[in-house]
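In: Structure, please.
(chains A, B, C and D)
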Number of protein chains: 2
Amino acid sequence: MAKDQKLEDILYYLIEKTNKVVRRHSQIRFAEAGLSITVDQWLVLKKIGDSERITQIELANAIFKDRASITRILDLLLEKKLVKKDPGADKRVYELSLTTAGIKFSEEALMIVKRVRRKGIEEISEKELETLRKGLEKIIKNLE
Amino acid sequence: MAKDQKLEDILYYLIEKTNKVVRRHSQIRFAEAGLSITVDQWLVLKKIGDSERITQIELANAIFKDRASITRILDLLLEKKLVKKDPGADKRVYELSLTTAGIKFSEEALMIVKRVRRKGIEEISEKELETLRKGLEKIIKNLE
DNA sequence: TAATAATGATTGATATATCAACTATTTGTG
DNA sequence: CACAAATAGTTGATATATCAATCATTATTA
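Out: Below is the predicted model:
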């Protein structure tokens, strides 16, 4: 870091680093469990599984991704036969759903992610977590 | 999000979202200022400028990137003539330095980033920022 | 209702992330 | 010294991020 060791500079660096560490850790656990999906692909599976009906744009907004990324991630999930894309009443949209394998993958990955998340916040108090949450929400609000 | 609205689940979502919001915001400000570099390219410029001497691997570790990414980012910065790569005494490494234009870009971008960072943490107290920092450091430690 | 707007999704181009394989040096050790 | 191990960097393959352009379909409105 060098010159800018001010708290705010470190903070943004830590946000980025934390994000990467969590992702890498989860990704490694997926691989160890023989789950051949990426963390991003899981986010998509999870959101589809949790939704009664969802368009790709809603999906993109929900997990904070671009429409283009969703199209491509879905392509990969279709190849892997974890997701189905059926034409909807409105022919501009698709009805997205998980296959049986998709549900299985999603659930297995969820257990792994939950473990990682729990481990990540070990020894951090509820109160501190609450401050963390509020702080991050504030930053988002300030910059969005 | 749906079912898993537990604090810890939201937290990780917020970390990811905050990271993206900060990056996007900075990137837009760069473009507005006519700075034709990405946030990642700036991180590399900044680190080189701050270092007396630094190898690509040290650079990668410092800004939490992969060696391969550094090679490619440097390629782009070389094309833009913002960075110089001279052979070092040890012929496996290069001596990295900024060109005059590189220094200018780096400084202009720094001002923008500082503004964004300041704006991001508006109305968050020192004490809360400290909790934020400690919390993120703890998560990193727990998962690394 | 015909022309135009808006909407949902895809595609192309470029940048970055990650892993693995590979090259070129340098270091360490017998 | 010779040769194996370690180190620095590059490259290829695949996944994702972002922006812009485009296509098809639906909604609006003159």
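In: alpha carbons only for contacts and neighbour counts from here, please
Out: Will do.
In: pLDDT score assigned to the most centrally placed residue in chain A?
Out: Centroid-nearest residue in chain A, with CA atoms, centre = their mean: residue A:43, separated by 4.0 Å. Note on residue A:43: pLDDT of 97.
In: What of the one 4 residues further on?
Out: The model reports residue A:47 with a pLDDT of 97.
In: Can you give me the buried ones in the helix or strand where residue A:128 lies?
Out: Following DSSP states H and E, one finds residue A:128 within helix A:126-143. By 16 or more other CA atoms under 10 Å in any protein chain shown, the buried positions in helix A:126-143 come out as A:128-129, A:131-140, A:142-143.
In: now the angle from the lengthiest helix in chain A to helix B:7-32?
Out: Scanning chain A for the longest helix, with DSSP state H as the assignment, gives helix A:7-32. If you take axes from the mean of the first three to the mean of the last three CA atoms, to 10 degrees, helix A:7-32 sits at 120 degrees to helix B:7-32.
In: Show me what the helix or strand following helix A:7-32 is in contact with.
Out: Next helix or strand after helix A:7-32 toward the C-terminus (DSSP H and E): helix A:39-50. Residues from elsewhere that reach helix A:39-50 (CA atoms under 8 Å, 6 or more residues apart in numbering or on different chains): A:23, A:26-27, A:54, A:59, A:62-63, A:70, A:73-74, A:77, A:82-83, A:96-98, A:102-103, A:106, A:109, B:1-3.
In: 7 Å - rerun?
Out: A:23, A:27, A:73, A:96, A:97, A:98, A:106, B:2 (CA atoms under 7 Å, 6 or more residues apart in numbering or on different chains).
In: and the angle from it to helix A:7-32?
Out: Computed by the same axes, to 10 degrees, the angle separating helix A:39-50 from helix A:7-32 equals 80 degrees.
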